[in-house]
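Visitor: any chance you can model this:
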Amino acid sequence: MVLINNFIEYKRAIERISQRFRARSGWTKDGVPLKVGIHVRRGDFALREQVDGGLIPAPSEYFMDAVRYVEAKNRSAVFFIVSDDYHYSRKLFAGYKFYVLPKKSAEEDMALMQLMEIVVTSAGTFSWWCGFSSRAKEVIYYKAWPRPNSDAAGRFPHDDYFPPTWTGL
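Guide: Numbering: from 1, shown residues only. Just a heads-up that it's a prediction; the model follows:
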């Protein structure tokens with residue numbers, strides 16, 4: 001029951017943030033801004049043994065490319081970031097269009113991503129499941145993951161791992 005209540009609270013909070021963004025940005029179109037969820041995984045993927053095996057974290061350039069890609073299609077986008085590295089994400093995503101959320105449980109992070117219209121994944125299976133299980137209009141993934149010609153690349157072949165409807169950047 002706690003998770004259901006948290007999900008409902010999350011949904012209300014997302015709508016409040018969207019409305020504040022709308023008011024603050026001067027955006028006057030009917031409706032609410034496009035809600036974009038970004039999942040940033042770093043944690044163990046930043047460790048040497050993971051990197052050596054090909055399980056690399058998505059670089060900051062990928063996330064900024066994803067933001068530019070989304071904004072080129074819809075300037076009214078507002079971005080909600082969940083991450084296992086709050087401080088990295090706060091530094092990377094600065095500005096009024098970005099809401100870096102404090103670390104919650106995996107279930108709450110997943111629930112939040114389900115509310116998004118576009119999902120930007122990072123690396124790993126949790127992020128993949130955020131994209132795969134969502135009802136988002138578009139899922140964007142880091143196409144250089146895992147590192148080409150690595151041990152991990154043999155375990156996660158792109159054609160088998162990433163659905164053809166997803167957008168690789």
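
Visitor: show me the shaky parts of this structure.
Guide: 1-8, 10-11, 14-15, 17-32, 44-47, 51 (pLDDT under 70).

Visitor: ranges for the helices of it?
Guide: 2-25, 48-53, 60-73, 86-92, 106-114, 125-132, 151-155, 158-161 (DSSP state H).

Visitor: for the residue most central in space within the chain, give its distance to C130.
Guide: Central residue of the chain (C-alpha atoms, centre = their mean): I38, 1.7 Å from the mean position. Using C-beta to C-beta, to the nearest Å, I38 is found at 10 Å from C130. In this view, the C-beta of every residue, glycine as well, is placed from N, C-alpha and C.

Visitor: same check, this time on K97
Guide: 20 Å.

Visitor: what about D159, distance to F98?
Guide: 33 Å.

Visitor: which one's more surrounded, those two?
Guide: Shown here are D159 and F98; by other C-beta atoms under 10 Å, F98 has more neighbours (17 against 7).

Visitor: contact partners for the more buried one?
Guide: Residues near F98 by C-beta atoms under 8 Å, 6 or more residues apart in numbering: F79, I81.

Visitor: bridged to it, which residues?
Guide: Beta bridges link F98 to F79, judged by DSSP bridges.

Visitor: thinking again about what came up before, would JSON lines of the helices of the chain with distance to F80 be doable?
Guide: Shown next, in JSON lines, are those (distance: least, C-beta to C-beta, whole Å):
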{"stretch": "helix 2-25", "distance to F80": "7"}
{"stretch": "helix 48-53", "distance to F80": "26"}
{"stretch": "helix 60-73", "distance to F80": "12"}
{"stretch": "helix 86-92", "distance to F80": "11"}
{"stretch": "helix 106-114", "distance to F80": "7"}
{"stretch": "helix 125-132", "distance to F80": "12"}
{"stretch": "helix 151-155", "distance to F80": "28"}
{"stretch": "helix 158-161", "distance to F80": "25"}
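
Visitor: related to what we said a few turns ago, of K97 and C130, which one has the most company?
Guide: Between K97 and C130, counted using other C-beta under 10 Å, C130 has the larger neighbour count: 29 against 18.
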